[in-house]
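In: Just a sequence and a predicted model for now, questions to come.
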Number of protein chains: 2
Amino acid sequence: MIRDHLRDAIVDRRLAPGTKLNEAEVGTLFDVSRTVVRAALQALAFEGLVKTERNRGSFVANPTPDEARQVFASCRLIEPGLAPAAAQQMTTSEVAAFRERLHHESDLLNQRGPTARRAEIHASGDFHLLLAKIAGNTILLRFMEELVARSSLVIALYGRSGASSCGHGDHGNILSALEAWDGEQAAQLVLAHIDHIEADLDLRATGNLTPRRAGHPGDGVPIVSGDYDGQRASTKQF
Amino acid sequence: MIRDHLRDAIVDRRLAPGTKLNEAEVGTLFDVSRTVVRAALQALAFEGLVKTERNRGSFVANPTPDEARQVFASCRLIEPGLAPAAAQQMTTSEVAAFRERLHHESDLLNQRGPTARRAEIHASGDFHLLLAKIAGNTILLRFMEELVARSSLVIALYGRSGASSCGHGDHGNILSALEAWDGEQAAQLVLAHIDHIEADLDLRATGNLTPRRAGHPGDGVPIVSGDYDGQRASTKQF
DNA sequence: CGTGCCGAAATTGTATGCAATCTTACCGGT
DNA sequence: ACCGGTAAGATTGCATACAATTTCGGCACG
């Protein structure tokens, strides 16, 4: 649960890359002991969202441009392979879920404000996860969860356009191909979509090289808003 | 470190699938507190080698035939994509490392006894990891580490022929293609190799359905042999 | 003024203690 | 004999305590 909240905060950029995640501080924030915090941090370290250095602590990941490229290279390998499987196995109710999510997405797209933007980013990520879920391979689904989370961080770091990446209506096209049972076409569209996203990035050696003055957790936007009553869905982006 | 030892034990089948991993017991075995054991178990749960149930404990994973198929489906997606990248980036020293590993492998193939068999399995897995390492994508490398470990478990569970899977000389052919810079060919050979491996499996609904009498850790072959002085390389198989 | 060293404070790594939950064995009832 | 309930034991989840390591400020020295 704490892990999910921290992941949200990282992906949302409420925790700046490079920020030190003090175990005691985070523990106080969520009102749990360091034991639980350590478990959450270990989990996030696995997902690549935080980097842990022995005897020094954990830090929000600050992916280099090279790592960013690796994230998208991995996506390019896995996601197009998901599409044909999804096209085969998709049920009508899943199509409905997809459509609903798309509407939600475009709604958010038309709203203003950072909250809507964040929600849009999450919804957009969930699109990709839904694709993976329908494909039916739980291992690849988990890989995609990690890749989506990491790509969110990358986009937050290197993204150029405010409306980053998802204004093209790519998702709609992909869904259409899926509905037409055309896995091949869907795979192609997915690839093109990833190209679009990566094209919106500015990966010129900045980022990690600037040892940014990373604030404490608690400076900017609050990490835990109100009561964290759990039951939060996955929260990623593309 | 404890994580690596446990992983070795699981992959080697010294810990039978389904075996309960009692925190206190494992802690005594390695002479550490439960805290450390829990961290190791959490890590292995992430890799899919142990399953943890809340308030009930951790158990060595007992993959179903369906999970097994998912493992290989994932491999089929990722590994062929690795081959072209590896073919491009391979240096002469890496070729040498490959050749050496291959010789080592065939040496082990000609030996008898369970020790040699295990070493062969490990070496065989390392071949695949070396491929991923050369491809240069650390994220995909980590995915492959997980897939190789899981496939080892699957082969241990469902493998049919004793000389499982790797007598074909597939590895040699793959290396040849890589040396010829023929990434396309290498990818094809990798796919064929995965087919060979999966063909050697017997995935007919047994396995998880038989709630096997899982022994305690400590029954069969010892889990920790002598002093566990760390510095053990990765230890997987194909 | 800059540099290196030392000690205090802070932070992480590990062990241990306690409460909550699950497992198991026993026991009475049917 | 079988079944359900219950209490004791065992095991996990979490919090806390302590040791090891790092970080940071001050101070002497060049």
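Out: That came through, no problem.

In: OK, contacts around residue A:84?
Out: A:183-184, A:186-187 (C-beta atoms under 8 Å, 6 or more residues apart in numbering or on different chains). Heads up, the C-betas are built off the backbone N, CA and C, glycines and all.

In: List only buried entries from these.
Out: A:183, A:186-187 (16 or more other C-beta atoms under 10 Å in any protein chain shown).

In: Among the residues you listed, name the ones in helices.
Out: In this view, the buried ones among the contacts of residue A:84 that belong to helices under DSSP state H are A:183, A:186-187.

In: which of the residues in whichever strand or helix holds residue A:107 are buried?
Out: Taking DSSP states H and E as the definition, one finds residue A:107 inside helix A:92-110. Residues of helix A:92-110 classed as buried: A:94, A:98, A:101-102, A:105-106, A:108-109 (neighbour count, 16+ other C-beta under 10 Å).

In: Quick check, residue A:190 in contact with residue A:175.
Out: No: Residue A:190 lies out of contact with residue A:175 (C-beta atoms under 8 Å); the separation is 11.1 Å.

In: Show me which of those two is the more surrounded one.
Out: residue A:190 (27 against 21; other C-beta atoms under 10 Å in any protein chain shown).

In: do you know how far that one is from DNA strand D?
Out: 38 Å (C-beta to the nearest atom of the strand, to the nearest Å).

In: what do you get for residue A:177?
Out: 43 Å.

In: same question, residue A:155
Out: For residue A:155, the distance to DNA strand D - C-beta to the nearest atom of the strand - is 30 Å.

In: Same check on residue A:22?
Out: 11 Å.

In: How about residue A:44?
Out: Counting by C-beta to the nearest atom of the strand, the gap from residue A:44 to DNA strand D is 16 Å.

In: just residue A:135 next, same as before
Out: Distance, residue A:135 to DNA strand D, by C-beta to the nearest atom of the strand: 30 Å.

In: what residues are up against that residue?
Out: Going by C-beta under 8 Å, 6+ apart, the list of residues near residue A:135 reads A:82-83, A:85-86, A:89, A:141.

In: In helices only, show me those residues.
Out: Using DSSP H, the contacts of residue A:135 in helices are A:82-83, A:85-86, A:89, A:141.

In: and the two most separated of these?
Out: Pairwise distances across the ones in helices among the contacts of residue A:135 peak at 13.8 Å for A:83 and A:141 (criterion: C-beta to C-beta).

In: Please identify which of these two sits among more neighbours.
Out: residue A:83 (26 against 18).

In: what residue of chain A is the furthest out?
Out: Farthest-out residue of chain A from its mean C-alpha position, per C-alpha atoms, centre = their mean: residue A:55, at 28.5 Å.

In: Now distance to chain B and pLDDT too, for the buried ones among the contacts of residue A:84, in CSV please.
Out: Shown next, in CSV, are the buried ones among the contacts of residue A:84 (distance: C-beta to the nearest C-beta, whole Å; pLDDT from 0 to 100):
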residue, distance to chain B, pLDDT
A:183, 13, 90
A:186, 15, 94
A:187, 11, 95
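
In: So what's the residue count around the closest residue to DNA strand C within chain A?
Out: For chain A, the residue closest to DNA strand C is residue A:57, as judged by C-beta to the nearest atom of the strand, at 3.1 Å. Residue A:57 has 14 neighbours, counted by other C-beta under 10 Å.

In: beta partners of the residue nearest to it when sequence neighbours are not counted?
Out: Leaving aside its sequence neighbours, residue A:57 sits nearest to residue A:20 (C-beta to C-beta, 6 or more residues apart in numbering or on different chains; 5.8 Å). The partner list for residue A:20 in beta bridges (DSSP bridges) reads residue A:59.

In: Quick check: residue A:20 touching residue A:53?
Out: No: in this structure, residue A:20 is not within contact of residue A:53 by C-beta under 8 Å, at 10.4 Å.

In: okay, these two: which has more neighbours?
Out: Neighbour totals were compared for residue A:20 and residue A:53, and residue A:20 leads with 14 against 8 (other C-beta under 10 Å).

In: And the more buried one, how close does it get to DNA strand D?
Out: 9 Å.

In: ok, that residue to chain B distance?
Out: 20 Å (C-beta to the nearest C-beta, to the nearest Å).

In: Over to residue A:15?
Out: Relative to chain B, and taking C-beta to the nearest C-beta, residue A:15 is found at 21 Å.

In: so where does that residue fall, helix or strand?
Out: Residue A:15 belongs to no helix or strand, assigned by DSSP H and E.

In: And the pLDDT at it?
Out: According to the prediction, residue A:15 has pLDDT 94.

In: Ramachandran angles for it?
Out: Residue A:15 adopts backbone torsions of phi -110, psi 110, taken as degrees, to the nearest 10.

In: and it, how many neighbours?
Out: The number of residues packed near residue A:15 is 28, by other C-beta under 10 Å.

In: still on that earlier bit, quick check: which element contains the residue farthest from the centre of chain A?
Out: Going by DSSP H and E, residue A:55 is not in any helix or strand.

In: now it: how far from residue B:40?
Out: 18 Å (C-beta to C-beta, to the nearest Å).

In: Mind putting the contacts of residue A:84 into CSV with distance to residue A:134?
Out: Below are these laid out as CSV (distance: C-beta to C-beta, whole Å):
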residue, distance to residue A:134
A:183, 12
A:184, 17
A:186, 11
A:187, 14
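
In: Most widely separated two among the residues you listed?
Out: It's A:184 and A:186 that sit farthest apart of those, by C-beta to C-beta, at 7.2 Å.

In: per-residue confidence at residue A:222?
Out: 64.

In: I misspoke; the intended subject was residue A:106.
Out: Model confidence at residue A:106 (pLDDT) stands at 85.

In: For DNA strand D, what's the nearest residue on chain A?
Out: For chain A, C-beta to the nearest atom of the strand, closest residue to DNA strand D: residue A:33, 3.1 Å.

In: Next up, the contacts around that residue.
Out: residue A:27.

In: For it, give me phi and psi.
Out: According to degrees, to the nearest 10, residue A:33 has phi -80, psi 170.

In: State the distance from it to chain B.
Out: Taking C-beta to the nearest C-beta, one finds residue A:33 at 12 Å from chain B.

In: nearest residue to residue A:95 other than its sequence neighbours?
Out: Nearest to residue A:95 is residue A:179, by C-beta to C-beta, 6+ apart, at 6.0 Å.
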